[in-house]
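Novice: here are the coordinates; sequence isn't available:
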């Protein structure tokens, strides 16, 4: 099929920042022109005085294939005959000062393995997808009423091959997918697999926004992984980084000799904490590059959601900057108006084109209405990470139980704002690196108390309003903090206590799916009700989770002291039985609790018409349901 040059309409849409299939236009595309097979190359470099394609097909000679410029668009294009699939290429760019820059393709859809940096000519995929039912259902189900529990994974360190190398995408599909399916998680979230040069960045310093990293295989290998997830009813969320990019000379930094993707002024264009560069969201073509990347993953890889990294750093012009080191907006404020409009457009376009896909904000401040519609001043994200809940909860649980009564507000404060946004509760990779210790090691006390605290934390996570996220290794009590340089300590599962933690996470995931009260009204205030939040002297809380006429009761004892004959109010009479007890011996506990159903007394308690008297296990959480 003949593939003509870029049309004026393509260039117009790109100039307006509205070309949603820009990945089919820019970069390198195998095609046929006037009966000759070859590759059409296109790159945006408006400040360049000359651009040529260099590659292994022309001995990297910058004089061999000189590109043509499309007027004032800044787009350069050239058809080069006889370039094969798999050919390596870059762009040789002569800047206005006469400097010659050799750059990789911003729109490259595959790259050679690091430390090499050339892009690879790839053919448009004809991968045979088998996830039609999944994609059909995803676009029609109301995700806000579905269970959502996410297993967060760093591909390179979840598990290694027996030889010590990384698993590739297909091996990951064969090993990770059954593991996650067995544990009952609904989604896998991958730390960035967009191409990046530095292993230690975990993918957060991206250079290839349109390519899965070649560390683990080809683009079709990655499609195989996603397809395998979907055929096993597991969604895939990608961490995606539109807030900054690295300074690597081969990539986006001063791409055509000018501050093209970034700002010229370092008070706007440099991220001081991370040593990276900040996108200029005021440029139409930059916004198009980023939104095109988001759509590319949702379209060509069937991705179910993007977790947008470091949103706070995008929203605030003075983010992590001292006075005098930032520039205010046109109104004199510290809000990045261009970034706000970019995020709103990103969310609107993704929602319209891919219903059911989740765009999630990692936003760590109190910025209002992150998940509210743009029509009322919101940013229009689907979900926001609840960093406040995470910090308060981990801080509370790190206290020796004898002092927890003085920090009780850290358990109750979160419910004041819990429904201001649609929240996801993250126990993420950020909390188990950089000498923060593993989740297990954050817990006080001896080994038994540490594991009991962790079981309590997981039960609290799964019964608290909001979506759930747990970083790999937490589910079995990884003792060492995480490092990208080694696999998880799977040998711990040879011990009963660590297997017990894993059993609990499995059962909590299944409980989440089975109990409509735990997920149907996850983001609405009518889905939660305190039974008692005032028992700070004994460090006990109790609450209802509800959905229409269905409800469950949760009681958590945050001390190692058993509580006998502990009475709580319940909404109705009849018999109540334990649905889950985190202190079960099956999970590694002491097996204290209420093995037999308890009958509710017609004794009003806590402003409720009935009540039950319970045994609360030490450092334990119990979930009760009413027997039919």
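Specialist: Cool, got the structure. What you are looking at is a predicted structure, and each value in this text was computed from that prediction instead of being measured.

Novice: Now do residue 63: how many residues are near it, please.
Specialist: 10 (other CB atoms under 10 Å). No exception for glycine: its C-beta is placed from N, CA and C like everyone else's.

Novice: Same check on residue 345?
Specialist: For residue 345, using other CB under 10 Å, the count is 18.

Novice: Now do the SS call for residue 457.
Specialist: Three-state secondary structure (criterion: DSSP: H, G, I helix; E, B strand; the rest coil) places residue 457 in helix.

Novice: ugh, wrong one, residue 552
Specialist: Residue 552 ends up strand, using three-state DSSP.

Novice: in stretch 599-607, what counts as buried?
Specialist: Buried residues in stretch 599-607, defined by neighbour count with 16 or more other CB atoms under 10 Å: 600, 605.

Novice: For that stretch, give the mean pLDDT please.
Specialist: For stretch 599-607, the mean pLDDT works out to 90.

Novice: what comes into contact with it?
Specialist: Identification of contacts with stretch 599-607 by CB atoms under 8 Å, 6 or more residues apart in numbering yields 531-532, 567-570, 572-576, 609-613.

Novice: Do you have the strands of the stretch 201-350 of the chain handy? List them.
Specialist: Using DSSP state E, counting those that start in this stretch, the strands found in the stretch 201-350 of the chain span residues 208-212, 235-240, 270-271, 276-277, 305-308.

Novice: which stretch in the ones you listed has the least confidence?
Specialist: strand 270-271 (a mean of 90).

Novice: what about that one, distance to the chain center?
Specialist: On the basis of CA atoms, centre = their mean, to the nearest Å, strand 270-271 sits 23 Å off its chain's mean C-alpha point.

Novice: from here on, count from 40
Specialist: Okay, residue one is now 40; in that scheme the one you just asked about reads as strand 309-310.

Novice: just checking, what packs against it?
Specialist: strand 315-316 (3 or more CB pairs under 8 Å, 6 or more residues apart in numbering; DSSP states H and E).

Novice: So for residue 517, which of the strands of the stretch 240-389 of the chain sits nearest?
Specialist: Of all the strands of the stretch 240-389 of the chain, it is strand 274-279 that lies closest to residue 517, at 19.9 Å by CB to CB.

Novice: tell me the angle of the closest one relative to strand 247-251?
Specialist: Relative orientation of strand 274-279 and strand 247-251, computed by axes from the mean of the first three to the mean of the last three CA atoms, to 10 degrees: 150 degrees.

Novice: Just the residues contacting strand 274-279, thanks.
Specialist: Against strand 274-279 from outside (CB under 8 Å, 6+ apart): 177, 189, 225-233, 242-243, 264-265, 268-269, 332-333, 336, 341-348, 397, 399.

Novice: gap between it and the chain center?
Specialist: For strand 274-279, the distance to the chain centre is 5 Å (CA atoms, centre = their mean).

Novice: hang on, the earlier thing: in helices, which of the contacts of strand 274-279 appear?
Specialist: Residues of these located in helices (DSSP state H): 177, 264-265, 268-269, 332-333, 336.

Novice: Now do residue 456 against residue 462, distance only.
Specialist: Going from residue 456 to residue 462 by CB to CB, to the nearest Å gives 9 Å.

Novice: Compare neighbour counts for the two and give me the winner.
Specialist: For residue 456 versus residue 462, neighbours defined as other CB under 10 Å are more numerous around residue 462 (25 against 13).

Novice: Give me the pLDDT value at the more buried one.
Specialist: Reading off the model, residue 462 has pLDDT 98.

Novice: Residue 126 against residue 77, yeah?
Specialist: No - the pair residue 126 / residue 77 is not scored as a contact, 10.1 Å apart, by CB atoms under 8 Å.

Novice: which of the residues in stretch 87-106 are buried?
Specialist: For stretch 87-106, using 16+ other CB under 10 Å, the buried residues are 87, 89-94, 96-97, 101, 104, 106.
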